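Engineer: here is a sequence with its predicted model. Questions after.
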Amino acid sequence: MRKSFRLDEIDCATCALKLEDSIRRLDGVDDAKVNFMTQKLTLTAADERFAEVLERVVALVAKVEPDCEIVR
Amino acid sequence: MNKKQRRWRNRIVIAVAIFVAVMVVERTGLLASLVGASSEPYVAFALYFATFLVAGYDVLIKAWGNIRRGDPFDEAFLMTVATIGAFATILFPETEPQSAEGCAVMLFYQVGELFQSYAVGKSRKSISDMMDIAPDYANVERDGRLVQVDPDEVAVGDVIVVKPGERVPIDGRVVEGASQLDTAALTGESVPRHVERGADVISGCINMTGILHIETTKPFGESTVSRILELVENASEKKARTESFITRFARVYTPAVTLAAVLLAVIPPVLGMGPWTDWVLRGLTFLVVSCPCALVISVPLSFFGGIGGASRLGILVKGSNYLELLAHVDTVVFDKTGTLTSGTFSVVAVHPEEGVDPDYLLSRAAYAEAFSDHPIAASVKQAYAGTIDEGRIRDAHEESGHGVSATVDEHVVLVGNDRLMAAHGMRWHECDLTGTVLHVAVDGAYAGHIVIADVVKEDAAETIRGLREEGVRKCVMLTGDRRDVAEAVAARLGIDEVHAQLLPEDKVDAVERLLAGEKDGARLAFVGDGINDAPVLMRADVGIAMGAMGSDAAIEAADVVLMDDRPSKIATAMRVARRTMRIVWQNIVFAIGVKVAILVLAALGIANMWLAVFGDVGVAIIAILNAMRCMRVGAAR
């Protein structure tokens, strides 16, 4: 499943790159794209694990970019 | 500014005020006289450090978080090390303390970051405004009253009502009413389009004059406007080579500069080339310019702006990579029909014999062809201005694919090609124009001929000229048409190479051969009307489909989609692409140039931290402002 989320307050482009890298390294994430300009996160993960993977992505974002919030 | 930015700004203003006050007290010697000369540097240090915390505590917290995660290399970390390092000079009494510098660098950095955040927000907003062509409601009649509903809830086949001034939310067909539609948001074309009952309308157009009742033919999600938005939003995901280069560069640059800073701070003093503090300060200055933010923001922003700007002119570029390729196109291959010519047959000339009125000739031909539905007959009837009274026609019949014969007002009329004339023992003469020649004979006497041809579009010649101005070396035309027709069109438009009488599968081969002949780095674009040419569109470096209003197949197959059918948009697209690439490279050269210059000056001990902060945030801001120019495509029209 592929789904997009709005990322609020992602202020720096290098941060977006890093965030993308670290989300990609998470277990269960097939692909992730962080678009700095459109403030969008596109997450691809297996259907049955999606909710669980998303939980961990949210936790990771809170840790890596405390200012930035995933709008669900 | 949003709420967060306003709070941020207020904090900076307060910090600047305190900083100025502390500086005045210190530099005028007031502080020294108050606390005594020996303790003065320490008191100044404390005051500056407090100001520093007000200005940059968030940066420090972020840097600490990074260190704990074991991934320290970002701006916050580097700024923290640089500023704390500057403050640490207080521990070395033999050197001038750098407390004011440490505090000022943090202030500068915050001002720059705030401005950068503001500029990014602004450009995000102007892009989203530009994309604001999707209406967020549809009017539906329920129980005799109009209600606004979410366009997603409208089913295919429902009737929606669009009032003057509103945007058409969903593709459909007019079932009631007539109006003028402004299609500028989709095609960049400012001439309004007239629609009435039975006309197809696409979403995104603005209804200008009358109330329209539209029966929807597609769900909202598949309507033109939704597809365009999706396309443009996803376009930035297909990264250009330049973008990937910048990303790779950014990953190497920061660690490299940091390492260089460490070496610079340690090796020279170990070799006895000067005091530790001096070299450590130079190393700290290095750290300040080690963030590649100017590039990482401005390059994608330029592409995004270019794609957004192009879409406003009715040009959809499906990825940054295609915009980049388009800028390097030196060969443009046209599929003639539907691109350079309109693909419809029209009468281009009427050549009567001596003493025959041209209108008379045309009217006889139109009457004789009245019952035929062949495209040639249709074009003759279209060219004839009067109405056809079918009661005046008798014995109309087709003559075995060569033409028609009929009796009109008791005159026997023959209309057809030279074989028809020969079969009836008629004398005729050839025409020097290319196209399909219809000979007309009345009562056994040759009356003249009518020339019918595929019409060359008005702006076709201008397109070829425009492309040459943009650096295209070779224009090629492919067509299934007859060689003489193709060559006549090519000569008129100034096309370099013609391949005529091609079968659809030959077109792929022709493009393959042209691709093989391309020089390194030069690209080939293929322009088609999106019908039956998907394989060629995919094979070319850049596939351009035109006349795509409402054609899903074309939008799917091509890399660049022109919403209307004017070929001059190809030249416009190239102009936008080249301009975008120019701005991208300006930023790359400028940002890297300034940073390298500051690195060199810092290593030599000439550049101080103030200059380095400019090299970081100042350059980023200038690059962002420059990148925002990509959105302004007015001049590229």
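Structural biologist: Yes, it's here.
Engineer: make sure B:Arg11 is actually in contact with B:Gly56.
Structural biologist: No - in this structure, B:Arg11 is not within contact of B:Gly56 by Cβ atoms under 8 Å, at 9.5 Å. In this view, the C-beta of every residue, glycine as well, is placed from N, C-alpha and C.
Engineer: which elements pack onto the lengthiest helix in chain A?
Structural biologist: Secondary structure of chain A per DSSP state H: the longest helix is helix A:50-64. Identification of packing neighbours for helix A:50-64 by 3 or more Cβ pairs under 8 Å, 6 or more residues apart in numbering or on different chains; DSSP states H and E yields helix A:13-24, strand A:29-35, strand A:40-45, strand A:69-71, helix B:40-69.
Engineer: using a markdown table, lay out these together with mean neighbour count.
Structural biologist: Output for those, formatted as a markdown table (neighbours: other Cβ atoms under 10 Å in any protein chain shown):
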| stretch | mean neighbour count |
| --- | --- |
| helix A:13-24 | 20 |
| strand A:29-35 | 18 |
| strand A:40-45 | 20 |
| strand A:69-71 | 14 |
| helix B:40-69 | 18 |
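Engineer: for chain A, which residue gets nearest to chain B?
Structural biologist: A:Ala13 (4.0 Å; Cβ to the nearest Cβ).
Engineer: how about the contacts made by that residue?
Structural biologist: Neighbouring residues of A:Ala13 by Cβ atoms under 8 Å, 6 or more residues apart in numbering or on different chains: A:Phe36, B:Cys293, B:Val296, B:Ile297, B:Pro300.
Engineer: shaky segments in chain B?
Structural biologist: B:126-127, B:130-132, B:188-190, B:236, B:400, B:548-552, B:634-637 (pLDDT under 70).
Engineer: for chain A, which residue is closest to the average position?
Structural biologist: A:Leu41 (5.1 Å; Cα atoms, centre = their mean).
Engineer: thought that one was touching A:Asp31?
Structural biologist: No - under the criterion of Cβ under 8 Å, A:Leu41 makes no contact with A:Asp31, lying 11.2 Å away.
Engineer: how big is the angle separating the longest helix of chain A from helix B:40-69?
Structural biologist: Per axes from the mean of the first three to the mean of the last three Cα atoms, to 10 degrees, the angle that helix A:50-64 makes with helix B:40-69 is 160 degrees.
Engineer: circling back: and the contacts of A:Ala13, which two are the farthest apart?
Structural biologist: B:Cys293 and B:Pro300 (11.9 Å; Cβ to Cβ).
Engineer: ok, the residue of the stretch 101-250 of chain B found nearest chain A to A:Arg24 distance?
Structural biologist: Nearest residue of the stretch 101-250 of chain B to chain A: B:Ser117, at 5.1 Å (Cβ to the nearest Cβ). For B:Ser117, the distance to A:Arg24 (Cβ to Cβ, to the nearest Å) stands at 25 Å.
Engineer: with B:Ile267 instead?
Structural biologist: 37 Å.
Engineer: what is the helix or strand of chain A with the lowest mean pLDDT packed up against?
Structural biologist: Ranking every helix and strand in chain A by mean pLDDT, DSSP states H and E puts strand A:69-71 at the bottom, with a mean of 79. Using 3+ Cβ pairs under 8 Å, 6+ apart, the elements in contact with strand A:69-71 are strand A:2-8, helix A:50-64.
Engineer: weakest of the ones you listed in terms of mean pLDDT?
Structural biologist: Per-stretch mean pLDDT for these is lowest at strand A:2-8 (a mean of 82).
Engineer: can you tell me the closest non-neighbouring residue to the residue in the stretch 501-637 of chain B positioned nearest to chain A?
Structural biologist: Residue nearest to chain A within the stretch 501-637 of chain B (Cβ to the nearest Cβ): B:Ala620, separated by 9.4 Å. Using Cβ to Cβ, 6 or more residues apart in numbering or on different chains and skipping the chain neighbours, the partner closest in space to B:Ala620 is B:Ala294 (3.9 Å).
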